[in-house]
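Q: Next input, structure requested:
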Amino acid sequence: MSFELAGPLVWPGLTLLAYLAGRAVQRRLGGSALANPVLIAIGIISGLIIATHIPYGRYFAAAQPIHLLLGPATVALAIPLARNLHHIRKCARAVTLALVTGGATAMVTAVGIVFILGSPRVIGMTITPKSVTSPIAMGLAEEIGGIPALTTVLVIASGIVASALGPSVFRLLKIKDWRAEGLAAGVAGGGIGSATIAVRNGLAGAFAAVGMGLNGALTTLLAPLAPLIWK
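A: Presented below is the predicted three-dimensional model:
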């Protein structure tokens, strides 16, 4: 049976195997953040799609069972949040300041770079919500006149970059606080950044969940201003 006919059965399994392969590679490399399992899995699946000449739309339809798990996986981040709520309450002011600064900076710099480079307005609206989790980003992109599919790609790319480079940046700055690293991962890396750091440390996962959730709310309030400014 061809991959095309067996797609509904084969592709979800291949996607999971690709991710497990990425995890195995990361373990072999000593847990290096640069060997991000999501990035490795994307590379493997992209290669298979190209090699088998399967349209991406057909692959995505076949892999819907995995896509539907995005919501429960995001909600599951509430577990470390609940366990570490007392830590979050102790530094609520610092979290608020970091959140507003980080969230606003992510949007302003993204739109500013696109504007300076002379890109079309639609690209600016597409990149505006890139630092929030995919469900929120897609809805915002559609509302403000962006391209939701491209926004999803940018969200994934942002999450992978934040997950891969975040630990190195914190080591370079000699910051050894899981709260700061977790919050940064949630604000800058969205769902992928939060899920990646939650595996490394529960306290960091709690602050990542806070960063991701509140940054989503902040971006939802500020993103609709982009079309008014960029006319």
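Q: Please enumerate the helices of the protein.
A: Counting by DSSP state H, the chain has helices at residues 3-28, 37-52, 56-62, 64-67, 70-76, 78-83, 85-90, 92-116, 121-127, 134-144, 148-172, 178-200, 202-222, 226-229.
Q: what's in contact with the second one?
A: Contacts made with helix 37-52 from outside it, assessed by C-beta atoms under 8 Å, 6 or more residues apart in numbering, are listed as 3-4, 14-15, 18-19, 21-23, 25-26, 54, 56, 59, 156, 159-160, 163-164, 192, 196. Yep, even glycine has a C-beta here, placed from its N, CA and C like the rest.
Q: out of these, which are buried?
A: 3, 14-15, 18-19, 22, 26, 54, 59, 156, 159-160, 163-164, 192, 196 (16 or more other C-beta atoms under 10 Å).
Q: Lowest pLDDT pick from those residues?
A: Within the set of these, pLDDT is lowest for residue 3 (48).
Q: Tell me which of the helices of the chain sits most buried.
A: helix 178-200 (a mean of 25; mean count of other C-beta atoms under 10 Å).
Q: Residue 212 and residue 184, how far apart?
A: Residue 212 is 11 Å from residue 184, where distance means C-beta to C-beta, to the nearest Å.
Q: same thing with residue 208?
A: Using C-beta to C-beta, we find residue 208 at a distance of 8 Å from residue 184.
Q: Next, the contact list for residue 34, please.
A: 164, 168.
Q: pLDDT weak spots in the protein?
A: Along the chain, the model assigns pLDDT under 70 to residues 1-8, 33, 70-71, 74, 77-78, 80-81, 231.
Q: what's the domain layout of it?
A: 3-68, 76-229 (automatic domain parsing).
Q: residues touching residue 55, list them.
A: Contacts of residue 55 by C-beta under 8 Å, 6+ apart: none found.
Q: can you start the count at 521 instead of 1 from here on
A: Sure, I'll start numbering at 521, so the last one becomes residue 575.
Q: quick one: it and residue 531, what's the gap?
A: Taking C-beta to C-beta, one finds residue 575 at 12 Å from residue 531.
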